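Student: sequence and computational prediction follow.
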Amino acid sequence: MSVLRELAAFVTTVSAKALPDDERTTLCRHVADTLVAAVAGVKTTEGQALRQVVPCISVADRAGMIAAVIRHTEIDDIHTRSCTTPSSVTVPTALGLALEHDEFEPDTVASASWVGTELMTRLGGAIDGARILYRGIWPTYFTAPLGSAATASRMLHLTEEQTTHALSLALMLSAGRSGRFHGALPGRSVILAVAVSNGVRAAQAAKESVGGDPALLDGPWLKDAHGVDAKIEALTAGLGRGSIYREMSIKPFCSAKQAVAAIEAFTAIIDHEGVSPDAISKVVVRVPPPYSRMIATKLEAGARASTIVSAAFQMGLAAYRRERLYDIERADAMNETAALALASKVEIVADDSLLEFFPATFPAEVEVVAGDKTLRKRVTAAAGDPGRQLSDAALEDKAKRILGSASRQITDVGLAGFDSSERCKVLADTMWGVTVD
């Protein structure tokens, strides 16, 4: 059996109902977290601009636009081994097609979300997404057409043969490489929207008997087309034995995932050791070499992304304006003088000894010098990582800090979205109502 046929068999037959209780609960929690990101995302300057710029003529367009709105928040979930953020792609695709086709059977929608998530993370892992990111290939962008095509294939009830062709067509639409984005509206979000829409269109085309290449992944296509050395066997190894949700993370606040462990370690030191931020003379952050340069980014005026990537600046926020870690907009960051002063004392160091934890997690070790004290804290699995998953209560706390008083209703809708057809419709109506209408 070809690789794509094996993936198609998985997409068309598995059931989220068959997952263990804890994995179904985790799936629902990720859906709720994604809904929070959608509601928060439409309120930002960039989110509002995306609603104007990205076309919303078809359901494929709308799914892509919502995916971009969710992804730009940097509060959505992540699978660290693949460095993909799958729920931003698969959840709006599943819910959009549910509304389009009046299909709210909970297991159908939940299973559609799962299969897209599973294929995105498996492809991202196969190409070593956690390392290849730093070579200019954005794993979420690369895998988004496959993920949305898998989700759409399940929602459209494609046959196994049709799904094989849908997945093939979607892969042919993959374009993982990107450059440095400039402008008031970063093109990063827009190209992701297009990638998601393309995957949906691939499934729609396959439903109308448009053919692809079922043997596409049985040879060196990924190497020839993209220059990527892929472990193709990772796409199907253990496929269907449990779900990828066991390995996924939910971010505790707005940040690039690579910086979260460092911020947590620093916060623990100043909180638990009673260190005054004003007494700190030096901070050393050690992280695995692959992302040390990334989180060493300096704050740049007018560049929202730099406020989310810079570990030093976010440590400054943790020390002086912690509530702003939940502020997705991050406007007027250059006015945070106390945070910037602390950031100037932070040194980022690449440390090979932390590679044993990477890419299963993105670890950090922080050393704080304050007066005659030198304090250290290592975080190998941050809050929200596997083994330290956020509870429903912790997710609600995150949502409340981001959304305010509306948070409880939003998280309840997300957590209960697959309890019944009626609640699934409420979930779909809520996500699409706040983002599209």
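Tutor: Sure thing, it's come through.
Student: low-confidence ranges, the stretch 101-250 of the chain, go.
Tutor: 176, 183 (pLDDT under 70).
Student: all helices for it, in order.
Tutor: 106-126, 129-132, 139-155, 160-172, 187-207, 221-226 (DSSP state H, counting those that start in this stretch).
Student: now for the shortest one, which elements pack on it?
Tutor: For helix 129-132, the helices and strands in contact under the criterion 3 or more Cβ pairs under 8 Å, 6 or more residues apart in numbering; DSSP states H and E are helix 139-155. C-beta: built from backbone N, CA, C; applies to glycine.
Student: CA atoms only: put the helix it packs on into CSV for me.
Tutor: In CSV, the C-alpha atoms belonging to helix 139-155 read as follows (Å, rounded to 0.1, in the frame of the first residue of the first chain):
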residue,chain,number,x,y,z
PRO,A,139,6.6,23.9,9.2
THR,A,140,3.0,25.1,9.7
TYR,A,141,2.9,26.7,6.3
PHE,A,142,4.5,23.6,4.7
THR,A,143,2.0,21.2,6.3
ALA,A,144,-1.2,23.3,6.3
PRO,A,145,-2.5,22.2,2.9
LEU,A,146,-2.2,18.5,3.9
GLY,A,147,-3.9,19.2,7.3
SER,A,148,-6.8,21.1,5.9
ALA,A,149,-7.2,18.6,3.0
ALA,A,150,-7.4,15.7,5.5
THR,A,151,-9.9,17.5,7.7
ALA,A,152,-12.0,18.6,4.6
SER,A,153,-11.9,15.1,3.2
ARG,A,154,-13.4,13.7,6.4
MET,A,155,-16.0,16.4,6.6
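Student: list the contacts for the residue positioned nearest the centre of the chain?
Tutor: Centroid-nearest residue in the chain: residue 85, 2.3 Å away (criterion: Cα atoms, centre = their mean). Listed by Cβ atoms under 8 Å, 6 or more residues apart in numbering, the contact set of residue 85 reads 71, 76, 77, 78, 79, 140.
Student: helices - which of those land there?
Tutor: Among the contacts of residue 85, the residues falling in helices (DSSP state H) are 71, 140.
Student: from residue 396, how far off is residue 140?
Tutor: According to Cβ to Cβ, to the nearest Å, residue 140 and residue 396 sit 26 Å apart.
Student: swap that for residue 118, sorry
Tutor: Taking Cβ to Cβ, one finds residue 118 at 27 Å from residue 396.
Student: can you check residue 206 too?
Tutor: As judged by Cβ to Cβ, residue 206 and residue 396 stand 40 Å apart.
Student: quick check: the residue in the chain sticking out farthest from the centre vs residue 281, distance?
Tutor: In the chain, the residue that sits farthest from the middle, by Cα atoms, centre = their mean, is residue 372; the gap is 40.8 Å. Noted for residue 372: a distance of 10 Å to residue 281, by Cβ to Cβ.
Student: again with residue 224
Tutor: According to Cβ to Cβ, residue 224 and residue 281 sit 54 Å apart.
Student: ditto for residue 6
Tutor: Distance from residue 6 to residue 281, by Cβ to Cβ: 57 Å.
Student: and the two? Which one has more around it.
Tutor: residue 6 (16 against 9; other Cβ atoms under 10 Å).
Student: separation between the more buried one and residue 122?
Tutor: Taking Cβ to Cβ, one finds residue 6 at 11 Å from residue 122.
Student: common neighbours of the two, please.
Tutor: Shared contacts of residue 6 and residue 122, defined by Cβ under 8 Å, 6+ apart, comprise 236, 239.
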